[in-house]
Structures are given as C-alpha cells and as structure tokens.
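Trainee: Got a predicted structure plus its sequence, pasted below:
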Amino acid sequence: MRDPRMSAIGKGLRRRGRLMAQAVSPPRRNLDGMPAPRTTEDSYVAPRAPRLVDSPVFVLSSVRSGSTLLRVLLNSHSRVRAPHEMHLRTLHVHLSRDFTADAMRALALDKDELEHALWDRVLHLELTRSGKEIIVDKTPPNTLIWPRLHRCWPNARYIVLLRHPGAVVTSLTERRTDPDHEQICTEVLEYSEKLEEARRTLDAHVITYEDLTADPEETTRGLCGYLGVPWESTMLDYGKKDHGTFRPQLGDWSETIKSGRIQQARPADPKAELPPRLAELARVWGYPAD
C-alpha cells in the first residue's frame with residue numbers, strides 16, 4: 001500500500017521543481033494571461049473560404065484626398081452603403097494557445113483566413129443592416145494593404161481617388177499642430193507609391209478629387225456606371241441624408257464636409273517644393289508641372 005506521506009512529499013518536490021524552473025525561465029504569456037502560442041513558423045496557408053460579400057468596393061486614396069466627400073456622395077445613393085472608415089486592417093484574430101493553430105488547421109483555416117472571415121462578416125453585417133446592395137469602404141490606410149484586400153476578395157472593385165500630392169502635403173501641414181514637413185512628405189509618398197502601384201495593377205476606376213469637386217455630376221455618373229447602378233441626382237445633395245457621426249479616426253470632420261455642400265478643391269501651392277518622386281508622380285497622374 002502506498003504511503004500517503006510519501007505521495008505528499010513527492011507532490012511537493014515536483015511543485016518545487018516547477019517553481020524553480022519558472023523562476024529561471026518563466027513561460028511567455030500574452031496580455032490575457034494565457035501562455036503564448038508557439039513561435040515556430042508554420043508554412044500552412046489555408047484555402048480561401050466562401051465570402052458573404054463577394055464584391056465589396058474599396059476606395060484607395062491618400063489621407064486628406066477627399067475620400068469622406070466621396071463617401072457621403074456614394075452613401076446618398078439608394079443602393080450603395082458607404083459607412084464611416086471601418087479600419088478592417090486593425091481587426092485581428094489572436095490564437096492564444098499552442099494548439100489553437102493546429103485546431104484551426106484541421107478546419108482548413110489559418111490566422112489570415114480567420115481574419116478575412118471576420119472582415120467579410122463585418123461588411124456583410126453592415127450591408128444587411130443598411131438594406132442596400134453594394135458596400136463601399138473608404139478607409140485611406142486600406143491603400144497600404146491593397147494586395148491583401150485583393151487576396152481576401154478576388155472579385156472586389158476599386159475606386160482610386162487621386163489628389164495633387166502638393167495639395168495633400170499642404171492639407172496635412174495645416175491640419176497638424178506641430179507639423180514636420182519631412183515626415184509629412186514621407187507619409188504622402190508612402191501612400192502615393194501604393195496608389196500608383198494599385199492604379200497600374202488593378203482594373204480600377206480612377207478619379208481625381210479636383211474633378212469630383214469641379215464637376216460632381218459627371219464624376220458621379222462615371223462612378224455609378226462602374227458600380228452598375230443608375231445615377232441619382234440626390235447624390236449631389238448629400239447634406240439631406242444621414243451619414244452618421246463625423247469625428248476623428250472615422251473620416252473628415254471639418255466644417256467643410258459638415259456644410260452639406262460640395263466645395264471646390266483647394267489647388268496645390270505652386271510655390272511649395274515637393275521631393276522629386278512626389279513631383280514625378282504628380283506629373284504621371286496628369287497634374288501640370290509648376
């Protein structure tokens with residue numbers, strides 16, 4: 001018969017050993033207190049799951065390029081839902097245990113595809129709630145991850161919205177309390193390079209902010225043709241529609257957009273010097289040289 005005292009001593013020694021091992025090398029834990037998953041690289045790539053929204057529309061643009069104006073014009077259409085910036089790329093799936101990835105792999109899923117399924121579900125939920133047929137996401141940072149969006153939704157459609165890089169630099173400079181011109185030019189260049197990459201790669205509908213404000217009817221007619229819906233004159237009177245709350249991180253919240261009226265785009269400052277690559281992209285996009 002086993003001596004219970006020896007069993008208790010054995011348990012105590014094992015516990016002491018575990019505590020000593022943890023003191024030397026404590027297990028890595030996530031913020032939720034659970035042990036972190038294995039860090040070994042898993043080369044498994046899950047197949048693409050069916051999508052609830054087969055062909056969403058993404059506006060690709062730099063920040064300060066008129067994407068909020070474009071959003072409210074599109075959202076004023078009876079068949080198009082264009083909500084505030086959705087920031088899908090910041091929605092992540094956390095696999096918190098070592099075995100979670102294995103469990104998902106057995107279901108033909110991986111972390112990326114789980115996130116894609118989450119993004120798709122968010123779009124579908126918003127579209128269903130709106131009662132409309134087409135959903136448009138105009139979050140500017142989507143421009144920086146357009147290849148992943150294209151991988152997630154092979155049938156997605158894209159609107160490339162351009163604005164003179166010099167005007168974007170000026171707008172950002174005026175918007176910030178302590179602007180760093182070099183940093184702002186670097187930021188605008190990053191967006192501009194990805195926009196040019198998307199413009200050359202995707203079968204996108206390309207418009208400019210300048211054209212949108214100078215001739216909104218013609219520009220929105222072209223957009224409606226691309227989306228396969230009839231043009232509606234009510235799109236130009238967006239101030240009569242409810243477009244949700246205008247506030248930071250969800251889009252432009254300036255008095256200009258709140259006015260409910262389409263106002264002429266401010267031109268680029270002809271005296272402002274741009275880095276050579278930004279000036280080159282401005283010429284490629286059809287803006288006259290200063």
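Mentor: Arrived safely, thanks for sending.
Trainee: which residues in the stretch 151-290 of the chain form helices?
Mentor: Under the criterion DSSP state H, counting those that start in this stretch, the stretch 151-290 of the chain carries helices at the ranges 165-175, 181-201, 209-214, 216-227, 255-258, 276-284.
Trainee: Comparing those helices, which stretch has the densest surroundings?
Mentor: A comparison of the helices of the stretch 151-290 of the chain by mean neighbour count, using mean count of other CB atoms under 10 Å, puts helix 165-175 on top with a mean of 20. All C-beta spots, glycine's among them, are computed from the backbone N, C-alpha and C.
Trainee: Return the list of helices and strands in contact with it.
Mentor: When contacts are defined as 3 or more CB pairs under 8 Å, 6 or more residues apart in numbering; DSSP states H and E, helix 165-175 packs onto helix 181-201, helix 276-284.
Trainee: re earlier: out of the helices of the stretch 151-290 of the chain, which gets nearest to Asp120?
Mentor: helix 216-227 (19.3 Å; CB to CB).
Trainee: how about the strands in the stretch 51-200 of the chain?
Mentor: Assigned by DSSP state E, counting those that start in this stretch, the strands in the stretch 51-200 of the chain fall at 57-61, 80-81, 134-137, 157-162.
Trainee: Give me the contacts around the first one.
Mentor: When you say that, I think you mean strand 57-61. Counting by CB atoms under 8 Å, 6 or more residues apart in numbering, the neighbours of strand 57-61 from elsewhere in the structure are 67, 70-71, 134-138, 140, 142-143, 146, 149, 156-163, 191, 194-195, 198, 204, 227.
Trainee: ok, the residue nearest the centre of the chain to Asp180 distance?
Mentor: In the chain, the centroid-proximal residue (CA atoms, centre = their mean) is Asn142; its distance is 3.2 Å. Taking CB to CB, to the nearest Å as the measure, Asn142 falls 24 Å from Asp180.
Trainee: Leu95 now?
Mentor: The gap separating Leu95 from Asp180 is 38 Å, by CB to CB.
Trainee: More neighbours: which of those two?
Mentor: Under the criterion of other CB atoms under 10 Å, the comparison of Leu95 against Asp180 puts Leu95 first, with 18 against 11.
Trainee: okay but the more buried one is in contact with Leu109, surely?
Mentor: No. Contact criterion CB atoms under 8 Å: Leu95 and Leu109 do not qualify, at 10.1 Å.
Trainee: Relative to the whole chain's centre, how far out is stretch 227-237?
Mentor: Mean-position distance between stretch 227-237 and its chain equals 25 Å (CA atoms, centre = their mean, to the nearest Å).
Trainee: can you check stretch 267-281 too?
Mentor: Centroid separation between stretch 267-281 and its chain, computed with CA atoms, centre = their mean, is 26 Å.
Trainee: May I have it as PDB, with CA atoms only?
Mentor: Taking Å, rounded to 0.1, in the frame of the first residue of the first chain, the C-alpha atoms of stretch 267-281 are listed here in PDB:
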ATOM      1  CA  PRO A 267      -5.200  73.700 -55.500                       C
ATOM      2  CA  ALA A 268      -1.600  72.900 -54.700                       C
ATOM      3  CA  ASP A 269       0.600  75.800 -53.600                       C
ATOM      4  CA  PRO A 270       2.700  76.500 -56.800                       C
ATOM      5  CA  LYS A 271       5.500  77.800 -54.500                       C
ATOM      6  CA  ALA A 272       5.700  74.600 -52.400                       C
ATOM      7  CA  GLU A 273       8.600  72.400 -53.400                       C
ATOM      8  CA  LEU A 274       8.000  68.600 -53.500                       C
ATOM      9  CA  PRO A 275      10.500  65.800 -53.200                       C
ATOM     10  CA  PRO A 276      11.500  64.700 -56.800                       C
ATOM     11  CA  ARG A 277       9.500  61.400 -56.600                       C
ATOM     12  CA  LEU A 278       6.300  63.100 -55.500                       C
ATOM     13  CA  ALA A 279       6.700  65.700 -58.200                       C
ATOM     14  CA  GLU A 280       7.200  62.900 -60.700                       C
ATOM     15  CA  LEU A 281       4.000  61.100 -59.500                       C
END
